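1. just a sequence and a predicted model for now, questions to come.
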Amino acid sequence: MRPPQNVAVVFHFVLSLSELSFSQFPRACTSADTLTRKECCPVWNGDGSPCGQLSGRGSCEDVSVISTPQGTQFPFSGVDDRENWPAVFYNRTCQCNKNFMGVNCGDCRFGFIGANCTKQHMSIRKNIFDLTIAEKNQFFAYLNLAKYTISENYQIATGTYAQMNNGSNPMFRDVSVYNLFVWMHYYTSRDTLLGVSGVWTDIDFAHEGPGFLTWHRAYMLLWEHELRKTVNNDNFTIPYWDWRDSQDCTICTDEYMGGRHSTNPNLLSLASIFSAWQVICTRPDDYNRRGVLCDGSPEGPIQRNPGNQDRSRTPKLPSSLEVEFCLSLAEYETPPFNKFANYSFRNTLEGFANPGDGIANVSQSSLHNALHIYMNGSMSRVGGSANDPIFLLHHAFIDSIYEQWLRRHQPLQMTFPAANTPIGHSRDYYMVPFIPIYRNIEFFVSTRELGYDYDYLVESVPPSVSAILAFYLQEAKQIWPWLLSAGVVGCLVTALLNCIIIQNCKKKEISTFEERQPLLNTRDEYQGVSYQTSI
Ligand SMILES: [Cu+2]
């Protein structure tokens, strides 16, 4: 199903006005010239200079790749384009100043909008069941438009750097805005092609390691950002599906993400717009056999058969108790920093550890993984899982659980492993395949610092210890003159009162003495003297 011609034309126009922004590969950096020079510093049209340098937006800088010892999962070097990302393709990119961001610094950092990116903008992701009918229909219309609108600013690579003859023979292809993100998820998780030696499968730059949550947070933000630009609506947010304690797939209806096909249980109902979507990047065995990358060609309809999954692996959808246990784990990550990690919040939330005791158990798929397995179709294989738009709703909810954990445990940045992780997952690794480049650690921060929140967490922002100290120091700074003045005034008032009391007592004694004097004089003079000394 395609959008009406006039709508497509309007959005094509909107796109042509938009700035270059995220992800690979920026069209401006896919020429043989940029690839052989290894420089991706496109011109910002606002002032005609690379990275908007003339306007102070940014400058073209060397990429500093920090390489630390990595885990033993990937025993090679120099065989995969994703090693030391983005060094194989580019060693110079735009570094943006202030609130500017994007491949040419033409965009605003997350949480900022406006011509000069000075206006703060906080967005709230909502529960899909709390959207109005208009909001819900708008969400589906936006997704559908993104599925059929060719990305103006990005292309996908259809070959490795070596297959491109080290950049001199570029191999890139147009792709729709939606499919660009499907491809990115495939590209980051794909196997390593080793030529005649076959493939290496124990590699994934976004799953089975500490980077799982940071990578998906960045990915969802970029996806949301691209959708906003595609439809020219800064207020759009991805909704989430809270699947806790669900007995079945409550969003698998024609009103929401598509019901079941009337005759084929593996397909979507024809009443859903998503039944007409074609998937891409779902045949890893085929690509591996041919030694090629997914080139974005259509590969059939979305498959989904919720509830008919392998029950010995995933008996049911996760419960709130399991989520609660997961949130109670104090350590974000534990050695060996992969799917065998025990008591690791990340590994338990990802679904490789038991959400009842935190012990790794790869024969089961829990929490995040459980949802993928439960959908029993396109969602269930990592490479092509983002083809099903349920992916967005699911990962928005996973991200909200990650956010709850961050707010509860307030981790230090240094607790994110810096070395000995699976490749791509260490603190300072630039996440594959994002261009412009982002390190994992940049997304180990609260959503509030990235300009968004979840409706059910809005009230739950705990002040950090440093924030509390800073608050009291600030308060103390403001009130110390008052405290000092109050002390001085208090002393003066006390002294004055003492004087008044002493004076009054003296007067009273004198008058009493005078009143009694005749009597005293007649009885005993010494009593009057003793009276005086006792005052
Ligand atoms: Cu994923």
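-> Received the coordinates, thanks.
2. roughly how far does the closest residue in space to Ser168 that isn't next to it in sequence sit from Ile156?
-> Distances taken as C-beta to C-beta, 6 or more residues apart in numbering put Ala32 closest to Ser168, at 5.3 Å, once the chain neighbours are dropped. Yep, even glycine has a C-beta here, placed from its N, CA and C like the rest. As defined by C-beta to C-beta, to the nearest Å, Ala32 lies at a distance of 17 Å from Ile156.
3. ok, now Met184?
-> Where Ile156 is concerned, Met184 sits at a distance of 8 Å (C-beta to C-beta).
4. neighbour count: the two, which is higher?
-> Shown here are Met184 and Ile156; by other C-beta atoms under 10 Å, Ile156 has more neighbours (28 against 25).
5. show me what contacts that one?
-> When contacts are counted by C-beta atoms under 8 Å, 6 or more residues apart in numbering, Ile156 touches Gln24, Phe25, Phe172, Arg173, Val175, Leu180, Trp183, Tyr187, Asp295, Gly296.
6. may I have the phi/psi pair for the last one?
-> Summarising the backbone geometry of Gly296 under the convention degrees, to the nearest 10, its torsions are phi 80, psi 10.
7. pLDDT score for it?
-> The predicted structure scores Gly296 at 97 on the pLDDT scale.
8. how much space separates it from Asp388?
-> Gly296 sits 17 Å away from Asp388, going by C-beta to C-beta.
9. quick one: the helices in this structure?
-> Shown for the chain, the helices assigned by DSSP state H span residues 5-17, 32-37, 133-148, 177-189, 211-231, 284-290, 320-328, 345-350, 367-375, 390-409, 465-523, 525-534.
10. what's near enough to touch the residue sitting nearest the centre point of the chain?
-> Most central in the chain under C-alpha atoms, centre = their mean is Arg217, positioned 2.9 Å from the mean C-alpha point. Neighbouring residues of Arg217 by C-beta under 8 Å, 6+ apart: Asp399, Tyr402, Phe443, Thr447, Leu450.
11. at 10 Å what do you get?
-> With contact set as C-beta atoms under 10 Å, 6 or more residues apart in numbering, Arg217 has these partners: 395, 398-399, 402-403, 431, 440, 442-445, 447, 450.
12. pLDDT below threshold where in this structure?
-> Under the criterion pLDDT under 70, the flagged ranges of the chain are 1-24, 461-491, 493-535.
13. the same query, at a cut-off of 80, please.
-> 1-24, 460-535 (pLDDT under 80).
14. can you list the domains in it?
-> 5-462, 476-534 (automatic domain parsing).
15. any idea which of those domains is most buried?
-> domain 5-462 (a mean of 19; mean count of other C-beta atoms under 10 Å).
16. give the contact list for Gln309.
-> With C-beta under 10 Å, 6+ apart, Gln309 has these contacts: Pro315, Lys316, Ser365, Ala370, His372, Ile373, Tyr374, Met375, Asn376, Gly377, Ser380.
17. I misspoke; the intended subject was Val323.
-> Counting by C-beta under 10 Å, 6+ apart, the residues that Val323 touches are Asp242, Trp243, Arg244, Asp245, Thr348, Leu349, Pro355, Leu367, Phe397, Ile401, Gln404.
18. do the same with Asn342
-> Neighbouring residues of Asn342 by C-beta under 10 Å, 6+ apart: 329, 331, 334-336, 348, 353-354, 357-361.
19. roughly how far does it sit from Ser328?
-> From Asn342 over to Ser328 (counting by C-beta to C-beta), the distance is 14 Å.
20. repeat that for Ile398.
-> 17 Å.
21. over to Phe444?
-> Going from Phe444 to Ser328 by C-beta to C-beta gives 19 Å.
22. now the contacts of Val323 in JSON lines, with distance to Cys108?
-> As requested, the contacts of Val323 are exported to JSON lines (distance: C-beta to C-beta, whole Å):
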{"residue": "Asp242", "distance to Cys108": "30"}
{"residue": "Trp243", "distance to Cys108": "33"}
{"residue": "Arg244", "distance to Cys108": "34"}
{"residue": "Asp245", "distance to Cys108": "39"}
{"residue": "Thr348", "distance to Cys108": "35"}
{"residue": "Leu349", "distance to Cys108": "30"}
{"residue": "Pro355", "distance to Cys108": "38"}
{"residue": "Leu367", "distance to Cys108": "34"}
{"residue": "Phe397", "distance to Cys108": "26"}
{"residue": "Ile401", "distance to Cys108": "27"}
{"residue": "Gln404", "distance to Cys108": "27"}
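23. which member of those is positioned nearest Asn45?
-> Proximity of the contacts of Val323 to Asn45 (C-beta to C-beta) peaks at Phe397, which lies at 37.8 Å.
24. pretty sure the closest one sits against Tyr240.
-> Yes: counting by C-beta atoms under 10 Å, Phe397 touches Tyr240, with 4.2 Å between them.
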